[in-house]
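Participant: Structural data only, the sequence is not supplied:
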């Protein structure tokens, strides 16, 4: 009932009654606004990314060398080699030497590099997005890579720290390093580092070395056409360096000049004037064949002066004129006969009778192969070894007039053939030597003992180990061309042992002498009478024997041919009163030639070189040719002769030459 009354009151109120209204219900709470969470998440990720990136970058930088020292003066490897007349042979090692500051260079020098390599260098921060997009567009339009996007700073980073790979990781490192370098150095400092480390070809690193090598002047003296030529060579140093192809280098320089005009570094009149001026390339300042000699000398320098912190000048015994004649003789000989003989390489070494090296050709082309066959290749000397056999015989009582039987022989099953002549029966030792009789050389070695012959060869200058067997007589143990020529020098100078050398003096650029050659006095390794006897045999070889093609027309000469089994090697080693010269031809892979003998191409090269190198010099008699052969020990006196000098002197000489050691 109570419920009915309540409903009634409610109804009356709704119908307009006067009942009091019930209390109002509270309004519903407003719905909360939904917050967007992604900006906060992105901020957190970005913060962590920055943290991880900073850690990664700091760890990356911690593995780099200290760039603070890049502009400091470091241990110098600046080596300048001069010939005997003070002419520049080569300059090596400027990558770690004194830097040439860009502020000391004419403005057109850095401008040339900026114009062709990185026109926006002064504006970008180490990376150049504009240049990268431009290069990408150019490459897409051409269908292949015609333009790079690397800045000079990136190129410097690559040269300083990175390997030459082209993968993504390397390019990322390069970019990071470029940014880092830009943050630590000014633009001029970066350009200084770049110009002193970039490679220009022909062995020249750095702007100073390139200026010296190609134009014979300092970098501060470079003209606009010369600067354009150097800047152009950076793209492909082997192709565009001025020594390799002057025409291609000049064409590339014209491209650089046009780029300089487009960048407003020069006006049109200046461009036309420079384009019409062909730079004079000084080949003497970067002598191509001098590379073999230079490598040989540079490898010896630490042994003379140890560590050095200054640029040095090395005065040598080398003669650029003689070297030019040597290269010409080798090139001409190979051009005429190499294909016919299947001969791929040649060596020529020339030295004075005191051991001073005047010319060195270590192969057909230093540019194609810097391997120095003159000093490194170990080849069989063949019959060119026979002088040591005959000298040993003379030292044990034989004379040039002694007669032996040139017939087939059998020495414990070994039957040497005569490759360079026919058997002649009973002949003198002079005739046997001149015709290069293998039979008589083998008989003499068997009588004297191979070990005795080996000792003679070592005493004269052969440093290589020699196999002690009967075939030693025919030169079956390998030697280098340099040591064989050195061992012939005592025959030419009357019996004095020498050590081949090329360094006369080493001094700093400021003039302080660090080392200077001083003669220790002559060391006799052959009695003068025996040296004279050997010269008489070698004169007969070029007069009537296997070396007739080597006979000089205007002065006395002597020498010996050498040909190995199956024609793997062919030699001629000989001398005049002024020069001792050896020539070798063969193949690096030791494949046989086609009937190439020492009396053929090697003898022709010897004659061509010697007559050119000695042109204008007075003719002199060979040393010792006036010594009567009758002064030799009487035939039948087989006792070993007394040593030419004291035993201590000989021991010291041999130790200085190649150290102690037994033959085997």
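Facilitator: The structure has been received and is ready for your questions. On a predicted model such as this, the values are computed, not experimentally measured, just so you know.

Participant: Please count neighbours and contacts with C-alpha atoms only from this point.
Facilitator: Noted.

Participant: Other residues contacting stretch 245-253?
Facilitator: The contact list for stretch 245-253, computed with CA atoms under 8 Å, 6 or more residues apart in numbering, reads 225, 228-233, 239-242, 278, 281.

Participant: List buried residues within those residues.
Facilitator: Among the contacts of stretch 245-253, those that count as buried by neighbour count (16 or more other CA atoms under 10 Å) are 225, 228-233, 239-242, 281.

Participant: If we only consider these, which is nearest to residue 156?
Facilitator: Minimum distance to residue 156 across the buried ones among the contacts of stretch 245-253 is 14.7 Å, recorded for residue 231 (CA to CA).

Participant: that older thread, now the buried ones among the contacts of stretch 245-253 as JSON lines including secondary structure, pLDDT and distance to residue 509?
Facilitator: JSON lines is the format used below for the buried ones among the contacts of stretch 245-253 (DSSP: H, G, I helix; E, B strand; the rest coil; pLDDT from 0 to 100; distance: CA to CA, whole Å):
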{"residue": "225", "secondary structure": "helix", "pLDDT": "96", "distance to residue 509": "29"}
{"residue": "228", "secondary structure": "helix", "pLDDT": "96", "distance to residue 509": "29"}
{"residue": "229", "secondary structure": "helix", "pLDDT": "96", "distance to residue 509": "28"}
{"residue": "230", "secondary structure": "helix", "pLDDT": "96", "distance to residue 509": "25"}
{"residue": "231", "secondary structure": "helix", "pLDDT": "95", "distance to residue 509": "27"}
{"residue": "232", "secondary structure": "helix", "pLDDT": "95", "distance to residue 509": "30"}
{"residue": "233", "secondary structure": "helix", "pLDDT": "93", "distance to residue 509": "28"}
{"residue": "239", "secondary structure": "helix", "pLDDT": "85", "distance to residue 509": "32"}
{"residue": "240", "secondary structure": "helix", "pLDDT": "90", "distance to residue 509": "31"}
{"residue": "241", "secondary structure": "coil", "pLDDT": "87", "distance to residue 509": "27"}
{"residue": "242", "secondary structure": "coil", "pLDDT": "89", "distance to residue 509": "27"}
{"residue": "281", "secondary structure": "coil", "pLDDT": "86", "distance to residue 509": "24"}
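
Participant: farthest-separated two in the residues you listed?
Facilitator: Comparing every pair within the buried ones among the contacts of stretch 245-253 by CA to CA identifies 225 and 239 as the most remote, at 18.0 Å.

Participant: check contacts around residue 417.
Facilitator: 408, 438-439.

Participant: How many neighbouring residues does residue 296 have?
Facilitator: Each residue near residue 296 was counted by other CA atoms under 10 Å, and the total is 18.

Participant: before we move on, which element is it in?
Facilitator: In this structure, residue 296 is located in helix 290-305 according to DSSP states H and E.

Participant: quick one: that helix to chain centroid distance?
Facilitator: Helix 290-305 sits 10 Å away from the centroid of its parent chain (CA atoms, centre = their mean, to the nearest Å).

Participant: next one: stretch 195-207
Facilitator: For stretch 195-207 - counting by CA atoms, centre = their mean - the centre lies 15 Å from the chain centre.

Participant: low pLDDT regions in the protein?
Facilitator: For the chain, the stretches with pLDDT under 70 are 1-39, 52-77, 93-99, 125-126, 128-149, 159-174, 203, 283-289, 419-421, 626-664.

Participant: thinking again about what came up before, show me what secondary structure element comes after the helix holding residue 296.
Facilitator: Elements were assigned by DSSP H and E; along the chain past helix 290-305, the next helix or strand is strand 312-316.

Participant: counting contacts, what elements does the very next helix or strand once past that following strand pack onto?
Facilitator: The first helix or strand that comes after strand 312-316 along the chain, using DSSP H and E, is helix 320-341. Contacts of helix 320-341 with other secondary structure elements, assessed using 3 or more CA pairs under 8 Å, 6 or more residues apart in numbering; DSSP states H and E, are made with strand 345-351, strand 357-361, helix 601-613.

Participant: could you redo the ones you listed as JSON lines and give each row mean neighbour count?
Facilitator: Formatted as JSON lines, the entries for the helices and strands packed on helix 320-341 read as follows, by neighbours: other CA atoms under 10 Å:
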{"stretch": "strand 345-351", "mean neighbour count": "27"}
{"stretch": "strand 357-361", "mean neighbour count": "28"}
{"stretch": "helix 601-613", "mean neighbour count": "24"}
